[in-house]
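Q: Sequence and predicted structure are below.
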Amino acid sequence: MEHGQILRSLRETGEYSDLTVVCGSKTFKVHRCIEGEEGVIELKAVDSYGEDEDFSCDDPDAVSSMVDFIYLGDYGLSPSAAVAATSSTPAAQQTNIFAAPDDEEIAPVEAPPVDWSSVAPPKRNKKKRHVDSFGWGVPQQGFCTEHDPEIGSPTRIPQSKGSLTMHARLYALAVKYNLSDLKKVAIEKMKLAVRGTWDREDFAKAIAVAFGATPDGDRGMRDIIIQTILSCSANLVSDPVVEKAINAVDGLPFELFKLQSTSAKRKGY
């Protein structure tokens, strides 16, 4: 059996587990030291207080995806995780940013998500687009595209509802538990996700997570959120859910104003 298959089996069965992680209603049988896809990872963060650590303050689905990454070097979005990510009201100041919603708040998912990490992006959509004040194209359907030069041409890639929020949550967990490789993967997945079609409520919740669950000095996920807001300004400024999420973050409206003004000056406005 190959190394990757062994790790997958250990993740699924919990065989030879020497550590238990409890998170809400979920329990994970894990191993203190894992030689996974990203190298050797010691679960020091969960080993500080004894045999069993309580992760009740974190979202169970996000923790499950984090454990997947530790063993397999990647994570996916289960239907329940994607829906749970956007079920609560966005608020950057909420006490438990990772809290899972009540069962009655969870709506069914029509189809399982697709792992786009191994799929080549589709050809660029050449359909006529509106142009905002920055000269960036905005799709007429109300969705928007990310314009990060590191990503390349914008594409329309379908996303599961809640995927933006879950990527933001995985990034926040990576910061919290010092998993640098998970931070990188969450960033890349988020960059890909904002290029496609996405739900505005999902984006609003991602704003709350990115700015409410990461330290001020960590700009990774925050910068992607800001770039997306500026790119999609024509479509997002009139959305009350997104407006509420932006205004809930101390200093974010003024930061956006400064960046918008700087961009306008460069273009001679």
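A: Noted; the coordinates are in hand. Numbering: from 1, shown residues only.
Q: So what's the residue count around the residue nearest to D218 when sequence neighbours are not counted?
A: In this structure, D218 finds its nearest non-sequential neighbour in V175, 5.8 Å apart by C-beta to C-beta, 6 or more residues apart in numbering. C-betas here are computed from N, CA, C, even on glycine. Neighbours of V175 under the rule other C-beta atoms under 10 Å: 19.
Q: Contacts only, for R200.
A: By C-beta atoms under 8 Å, 6 or more residues apart in numbering, the contact list for R200 reads 236, 239, 241-242.
Q: re the thing from before, which secondary structure elements does the helix or strand that contains the residue nearest to D218 sit against?
A: Assigned by DSSP states H and E, V175 belongs to helix 163-176. If you count contacts as 3 or more C-beta pairs under 8 Å, 6 or more residues apart in numbering; DSSP states H and E, helix 163-176 packs onto helix 60-72, helix 79-85, helix 180-194, helix 200-212, helix 220-231.
Q: mean confidence score for the third one?
A: The pLDDT scores in helix 180-194 average 94.
Q: elements contacting it?
A: helix 60-72, helix 163-176, helix 220-231.
Q: could these be laid out in JSON lines, adding distance to Q5 and mean pLDDT?
A: Formatted as JSON lines, the helices and strands packed on helix 180-194 follow (distance: least, C-beta to C-beta, whole Å; pLDDT from 0 to 100):
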{"stretch": "helix 60-72", "distance to Q5": "10", "mean pLDDT": "88"}
{"stretch": "helix 163-176", "distance to Q5": "24", "mean pLDDT": "94"}
{"stretch": "helix 220-231", "distance to Q5": "32", "mean pLDDT": "94"}
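Q: possible to save those as JSON lines with distance to K189?
A: As requested, the helices and strands packed on helix 180-194 are exported to JSON lines (distance: least, C-beta to C-beta, whole Å):
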{"stretch": "helix 60-72", "distance to K189": "11"}
{"stretch": "helix 163-176", "distance to K189": "5"}
{"stretch": "helix 220-231", "distance to K189": "10"}
